[in-house]
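> quick one, fold the following:
(one chain, ligands or ions: 1)
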Amino acid sequence: MVTDLTSKLGTIELKNPITTASGCFGSGRDLDKLWDVTDIGMVVAKSVTLEVREGLPTPRMAEVSSGMLNAIGLQNPGVDAWLETELPWLVSRGAPVLVSVAGKTVEDFAECARRIAAKAPAGAGHGPAQPGVVGLEVNLSCPNVENRGLVFACNAAPAAEVMAAVREAVGPDLPIFGKLTADTTSVPEVAGAVLEAGANGLTLINTLLGMEIDWWSGQPALANTYGGFSGPAMRPVALRVVHQVATAFPGVPIIASGGVRDAKDVIRFLRAGASVVAFGTANFENPTAAPDALAELSDLCQQIGVERVADLIATVTPRPKPEAFL
Ligand SMILES: Cc1cc2nc3c(=O)[nH]c(=O)nc-3n(C[C@H](O)[C@H](O)[C@H](O)COP(=O)(O)O)c2cc1C
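Just a heads-up that it's a prediction; the model follows:
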């Protein structure tokens, strides 16, 4: 039995459900020396912004137990340079790309999205994924400079405002995904607002805000004091959020992100309700984590007894209730 690994992310048809998490893969140039970036379903690239960003002062990364902290500050060459250099390289390799956009203001997001959408081929994001832009991932975990630096994704209204502006900027057809944070009281509430504002799907979740302190000097491990916590320790949080949102909005296309390390984790997130699963921090520990998982996925599906990986989506088996609670 050959397992059918094809995966539908809304209208985007991918050859398998594996992707990269934004910022943990660059545009893929380095890892493409180790494995073919077109082996995975699609590439999610590092977030780009309207302007060039140098990023935050160092140290910007710190290893902590079962994960890492980062405060890179969205270092990137700016959207125009990215479209001139990185996108053509990804197209030349034949990779479908979900382009991640970030911004400090609603208008930043919209303008950045408009420039990317202008480079998307006709019909992008509909049918079998072609090389180049297949859609946008909107990184809503950015501080809003027009609202005291509060992160857009922490509240439904600002998150929805960004999504509505991006939808208007890219037109009705290009798929857009809102990337949310779990650093908020109710992710389903923010998810609902973002979907209402025009998102085709969601990426769940970005890093969790964290901190590490050197016990001797008392200094924070990061120059920025706080940073995004990622890696295996956050997987249960991400799994919970994917399940909560998939339960609240059945059938909504979800890209899962948070602590994914291997093929079993991919299956866990598919079962929770995701359609596509992203490898992030795992790339730093094992640069072949994504293709390794891909190689193992068919065998695990056969062990479970499913012929199509898509049949695993939203298949959490309820545990029988203990008799006392029946
Ligand atoms: C070094 C680093 C840089 C990241 N940069 C971005 C980014 O530019 N845009 C974004 O949306 N997420 C970014 N993330 C978050 C990841 O895409 C991912 O959602 C998060 O790390 C959780 O997944 P993981 O545990 O598999 O890494 C970054 C994460 C790391 C570790």
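> rest of the way, CA atoms for contacts and neighbours
Fine.
> quick one: which helix or strand includes E146?
Using DSSP states H and E, E146 maps to neither a helix nor a strand.
> to clarify, my last question referred to A157.
If you go by DSSP H and E, A157 is part of helix 156-170.
> need the CA coordinates for that helix. CSV is fine.
The C-alpha trace of helix 156-170 is given here as CSV (Å, rounded to 0.1, in the frame of the first residue of the first chain):
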residue,chain,number,x,y,z
ALA,A,156,-9.3,40.4,18.0
ALA,A,157,-9.9,44.0,16.7
PRO,A,158,-6.3,44.9,15.7
ALA,A,159,-5.7,41.5,14.3
ALA,A,160,-8.8,41.7,12.1
GLU,A,161,-7.9,45.2,11.0
VAL,A,162,-4.6,44.0,9.6
MET,A,163,-6.2,41.0,7.9
ALA,A,164,-8.9,43.2,6.3
ALA,A,165,-6.3,45.6,5.0
VAL,A,166,-4.2,42.7,3.6
ARG,A,167,-7.3,41.2,1.9
GLU,A,168,-8.1,44.5,0.3
ALA,A,169,-4.5,44.9,-0.8
VAL,A,170,-4.1,41.5,-2.5
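> contact partners of it?
For helix 156-170, contacts defined as C-alpha atoms under 8 Å, 6 or more residues apart in numbering pick out 106-107, 109-111, 113-114, 117-118, 138, 140, 152-153, 176, 178, 189-191, 193-199.
> mind listing what's buried in that helix?
Taking 16 or more other C-alpha atoms under 10 Å as the neighbour-count basis, helix 156-170 is seen to contain the buried residues 156-167, 169-170.
> how about the helix or strand immediately after that helix in the chain and the ligand, touching?
Scanning forward in sequence from helix 156-170 by DSSP H and E, the next helix or strand is strand 176-180. No - on the criterion C-alpha under 6 Å from any ligand atom, strand 176-180 is out of touch with the ligand, staying 6.6 Å away.
> neighbouring strands of strand 176-180 in the sheet, and parallel or not?
Next to strand 176-180 in the sheet, as set by DSSP bridges, lie strand 132-139 (parallel), strand 201-204 (parallel).
> picking that back up, avg pLDDT for the helix holding A157?
Here the mean pLDDT over helix 156-170 is 97, rounded to a whole number.
> chain center to it, what's the gap?
Its chain's C-alpha centre lies 18 Å from the corresponding centre of helix 156-170 when counted by C-alpha atoms, centre = their mean, to the nearest Å.
> could you give the angle of it to strand 132-139?
On the basis of axes from the mean of the first three to the mean of the last three C-alpha atoms, to 10 degrees, helix 156-170 is oriented at 160 degrees to strand 132-139.
> residue contacts, the closest residue in space to S275 that isn't next to it in sequence?
For S275, ignoring the flanking residues on the chain, the nearest one in space by C-alpha to C-alpha, 6 or more residues apart in numbering is I254 at 5.6 Å. Neighbouring residues of I254 by C-alpha under 8 Å, 6+ apart: L9, G201, L202, T203, L204, V242, A246, G273, A274, S275, V276.
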